[in-house]
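Participant: The sequence and its predicted three-dimensional model are supplied below.
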Amino acid sequence: MSDGDDRKDGSAAEDDEPYPSLGLARGTVELDAHDPRWREAYEREVERLRPRLDSDDAGSSGGDAGSSGGNADGVRFEHVGSTAVPGLAAKPIVDLLVLVSDLNDAGGVARALEAAGYEERPDDDVPDRRFFVRGPPERRTHYLSLTEVGSDCHREQVAFRDALRADDDLAAEYERRKRRLAAAHSDERSQYTNAKASFVESVLDDAASWEVGDSLV
């Protein structure tokens, strides 16, 4: 369902609020200087999604009567990726985690995301998440990973973000690498991502023990 469809079913007009600092064509790589509005865009998207994903309809998995659904305790959110690291250049696409207690029982949450304008991309190589995108292929604005609290996807994305937030030199080195790779692979997103993998893995290997903390909203 498109954002325009949200208006037809009576949703508030602010559901379609534009994100002028966001948007990148699928498969391309372009880095922008950090924009504080990325955090604001994340917060607005959480405000837009939370009532939809915490609704009774989203809580129903469509299975046996009495099923609690993937958001029995309420979904939680994390802002991850480079747009979540102050001062770091990034592709202008906001990355979110939507955290549930049981990914196998999150069908209602997935349907609510689709009704909110997200498209699921099933050809994903991360085994413990369901991946969604917002925006047309020529202007993706949001990436969203639906995963369980404490999953590898959750832990690794938060640990990497927090390592960059805590170490300005590390973040600067990451930006230098990203800019070099973006110049080499501007139309080859998968190669750009793969070329970053060794750096990401080295940061995760060095990361201290991590536990779910106050960054959840």
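Facilitator: Perfect, thanks for sending it. Keep in mind that what you see is a predicted model, and the values were worked out from it rather than measured.
Participant: drop to CA atoms for contacts and neighbour counts, all remaining ones
Facilitator: Fine.
Participant: Would you mind giving me the confidence score for Asp123?
Facilitator: The per-residue pLDDT reported for Asp123 equals 74.
Participant: Now do stretch 115-127: distance from first to last residue.
Facilitator: The stretch stretch 115-127 measures 24 Å between its terminal residues, going by CA to CA, to the nearest Å.
Participant: so where is this protein shaky, pLDDT-wise?
Facilitator: Along the chain, the model assigns pLDDT under 70 to residues 1-18, 20, 56-73, 208-217.
Participant: change it to 80
Facilitator: Judged against pLDDT under 80, the low-scoring parts of the chain cover residues 1-20, 55-73, 123-124, 208-217.
Participant: Where do the strands of it begin and end?
Facilitator: If you assign secondary structure with DSSP state E, the strands in the chain sit at 76-80, 94-100, 118-120, 129-134, 142-148.
Participant: what lines up beside the shortest one in the sheet?
Facilitator: Okay, so that is strand 118-120. Strand 118-120 has the following strand partners under DSSP bridges: strand 129-134 (antiparallel).
Participant: if we look at the partner strand, which residues are touching it?
Facilitator: Residues from elsewhere that reach strand 129-134 (CA atoms under 8 Å, 6 or more residues apart in numbering): 103, 117-122, 124, 140-148, 153.
Participant: change it to 7 Å
Facilitator: 117-122, 124, 140-147, 153 (CA atoms under 7 Å, 6 or more residues apart in numbering).
Participant: Which among these count as buried?
Facilitator: For the contacts of strand 129-134, a neighbour count by 16 or more other CA atoms under 10 Å gives the buried set as 117-120, 140-147, 153.
Participant: Output those as a markdown table; include the columns distance to Glu43.
Facilitator: Rendered in a markdown table, the data for these read as follows (distance: CA to CA, whole Å):
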| residue | distance to Glu43 |
| --- | --- |
| Gly117 | 17 |
| Tyr118 | 17 |
| Glu119 | 20 |
| Glu120 | 21 |
| Arg140 | 18 |
| Thr141 | 14 |
| His142 | 12 |
| Tyr143 | 14 |
| Leu144 | 14 |
| Ser145 | 16 |
| Leu146 | 17 |
| Thr147 | 19 |
| Cys153 | 21 |
